[in-house]
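Enquirer: Quick one, what's the 3D model for this:
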Amino acid sequence: MIRFILRRLIYAIPVLLGIILLVFILARVIPGDPCTATYGEKATPELCAQFAIRYGLGLDTPWYVAELTATGFVRLPALAIAVGWLAAAGQVTALSIGRYAPYPSARERPPRGPLREAVRRTVLTVSAARARRASEARRAQEG
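Expert: Next up, the predicted model:
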């Protein structure tokens, strides 16, 4: 019985997240917003921008940031601080291991990129095979 209840609770987590996401998407997609509902036909873009800023609606944020803050999962300042901290930690880590950014050093880097080198090898292999076939065909015709 306990396993049944735990399994149902575990299945409920994605269902609840899906419902929250669906409601949030519908709120973003359906025409109209709190500003037009409040001011009606008098709502201009400038008035709606002031309305959104005044009440902190987050209408100017990306959807994923608005979703996280709307569900109360994370506060916007905490999210901004966390992203900045992670970026700084990544830079410090790169500097401490002797590499700035995730790129290889000049000694480790090939003269061409991996994709360009793969294309070059493919083209050279195909052209060599064609030349070999052409020379074999000429030899076969000569006798």
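
Enquirer: for stretch 22-36, how far is the first residue from the last?
Expert: End-to-end distance for stretch 22-36: 22 Å, by Cα to Cα, to the nearest Å.

Enquirer: what does the average pLDDT come to for it?
Expert: Stretch 22-36 comes out with an average pLDDT of 73.

Enquirer: center of the chain, which residue is that?
Expert: The chain has Tyr64 as the residue nearest its centroid, 10.5 Å off, counting by Cα atoms, centre = their mean.

Enquirer: Can you pull out the low-pLDDT segments for this protein?
Expert: 27-28, 31-34, 52-63, 69-70, 74, 76, 98-104, 110, 143 (pLDDT under 70).

Enquirer: quick one on the thing from earlier: which SS class is the residue nearest to the centre of the chain?
Expert: Tyr64 falls in the helix class when you classify it by DSSP: H, G, I helix; E, B strand; the rest coil.

Enquirer: and the gap between it and Val83?
Expert: 12 Å (Cβ to Cβ, to the nearest Å). Using the backbone N, CA and C atoms, a C-beta is placed for each residue, glycine as well.

Enquirer: just to revisit the earlier point, how near is the residue nearest to the centre of the chain to Gly90?
Expert: The value you get for Tyr64 to Gly90, if Cβ to Cβ is used, is 20 Å.

Enquirer: ok, now Gly72?
Expert: 28 Å.

Enquirer: Could you check which of the two has the larger neighbour count?
Expert: Gly90 (12 against 7; other Cβ atoms under 10 Å).

Enquirer: Give me the neighbour count for Ala89.
Expert: 10.

Enquirer: Can you tell me the element it falls in?
Expert: helix 76-96 (DSSP states H and E).

Enquirer: elements contacting that helix?
Expert: Here helix 76-96 touches helix 63-70, going by 3 or more Cβ pairs under 8 Å, 6 or more residues apart in numbering; DSSP states H and E.

Enquirer: Okay, helices next: where are they in the chain?
Expert: In the chain, the helices defined using DSSP state H lie at 2-29, 34-39, 45-55, 63-70, 76-96, 114-142.
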